[in-house]
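In: structure for the following, please:
(one chain, ligands or ions: 1)
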Amino acid sequence: MITVSIEKMLNAYHGQQVLHINRQFASGSITKIYGPSGSGKTTFLKLVAGLITPEKGAITAGTLTWFNAEKKIDLPVQKRNIGFVFQNYALFPNMNVRQHLQYATNDEQWINRLLHLGKLDTLYTRRPNYLSGGQQQRLAILRALTTKPQLLLMDEPFSALDPKMKTELIAELKAILRELGTTALIVSHNPQELDGLADSELVFEGE
Ligand SMILES: Nc1ncnc2c1ncn2[C@@H]1O[C@H](COP(=O)(O)OP(=O)(O)OP(=O)(O)O)[C@@H](O)[C@H]1O
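Out: Below you'll find the predicted structure:
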């Protein structure tokens with residue numbers, strides 16, 4: 001169970017706005033997150049990851065405290081056992097596909113399975129510049145899974161994929177997340193695209 005009870009002041013265009021989140025995410029659950037642009041979805045993922053610090057509250061993962069404002073606990077992102085798929089993919093320009101995955105694990109069998117999942121098995125020597133937008137996006141998803149994370153945070157992870165690729169990837173991703181027992185939070189502009197994947201939702205309200 002991941003428990004998030006936090007407050008963060010957002011620097012919104014029309015002055016300040018407070019983001020309040022009080023929510024529990026069951027282990028292995030997949031939650032879709034949607035709401036208007038600027039409502040704080042990306043910021044929420046970064047708060048949970050430890051890339052932005054909340055002003056108040058606490059975040060716990062099972063019995064482990066990731067963040068507690070009063071107790072001044074703030075585990076760095078590397079200690080939170082998370083995978084993150086950023087909107088801009090954040091790939092390494094000098095690394096090829098396989099090296100992206102080897103960077104985080106030396107389990108070659110797992111790497112091969114991931115390459116198969118993302119249909120990148122034949123492209124493993126390519127660097128990001130020689131991959132299409134959809135291939136880059138698939139690589140970002142595979143990289144986030146290399147450490148078999150307890151929590152997977154994904155920001156618009158399927159936006160560059162064609163409908164067929166999206167449907168296939170979602171089906172295989174669901175099986176892998178279940179196998180790993182990974183909890184996932186997925187931001188999407190189009191909540192319908194997560195039908196069949198997500199089992200709960202978190203809706204952000206606009207200003
Ligand atoms: N580190 C930060 N501290 C305070 N406010 C921030 C920080 N980062 C972003 N914000 C503010 O949070 C607000 C929400 O931005 P955010 O990117 O989270 O929205 P979003 O819901 O993901 O939007 P979109 O759907 O367009 O990606 C913006 O007004 C932004 O200025």
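In: helices and strands around the longest helix anywhere in the chain, which ones?
Out: Looking across the chain with DSSP state H, the single longest helix is helix 163-180. If you count contacts as 3 or more C-beta pairs under 8 Å, 6 or more residues apart in numbering; DSSP states H and E, helix 163-180 packs onto helix 108-117, helix 133-145. For glycine as for every other residue, the C-beta is placed from the backbone atoms N, C-alpha and C.
In: show me what the longest one is packed against.
Out: Using 3+ C-beta pairs under 8 Å, 6+ apart, the elements in contact with helix 133-145 are strand 82-85, helix 97-102, helix 108-117, strand 151-155, helix 163-180.
In: what do you get for the shortest one?
Out: Contact here means 3+ C-beta pairs under 8 Å, 6+ apart; on that basis helix 108-117 packs against helix 97-102, helix 133-145, helix 163-180.
In: could you dump those helices to a markdown table with mean neighbour count?
Out: Output for the helices and strands packed on helix 108-117, formatted as a markdown table (neighbours: other C-beta atoms under 10 Å):
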| stretch | mean neighbour count |
| --- | --- |
| helix 97-102 | 20 |
| helix 133-145 | 22 |
| helix 163-180 | 14 |
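In: for the ligand, find the nearest of those.
Out: helix 133-145 (15.5 Å; C-beta to the nearest ligand atom).
In: which bits of this structure sit near the ligand?
Out: Residues of the chain found near the ligand, taking C-beta under 6 Å from any ligand atom as the criterion, are Leu10, Asn11, Ala12, Tyr13, Ser37, Gly38, Ser39, Gly40, Lys41, Thr42, Thr43, Ile52.
In: and the pLDDT at the fifth one?
Out: Predicted confidence (pLDDT) for Ser37: 88.
In: how much space separates it from Val97?
Out: 31 Å (C-beta to C-beta, to the nearest Å).
In: and for the last one?
Out: With distances taken as C-beta to C-beta, Ile52 is found 30 Å from Val97.
In: just the second one next, same as before
Out: Counting by C-beta to C-beta, the separation of Asn11 from Val97 is 37 Å.
In: repeat that for the fourth one.
Out: Distance of Tyr13 to Val97, computed by C-beta to C-beta: 38 Å.
In: from the centroid of this structure, which residue is nearest?
Out: When C-alpha atoms, centre = their mean is applied to the chain, the residue found nearest the centroid is Leu153 (1.8 Å).
In: spatially nearest residue to Gln150 (excluding sequence neighbours)?
Out: Asn81 (4.4 Å; C-beta to C-beta, 6 or more residues apart in numbering).
In: actually Phe204, sorry about that
Out: Counting by C-beta to C-beta, 6+ apart, the residue nearest Phe204 is Gly35, at 2.9 Å.
In: with that, I have no additional questions.
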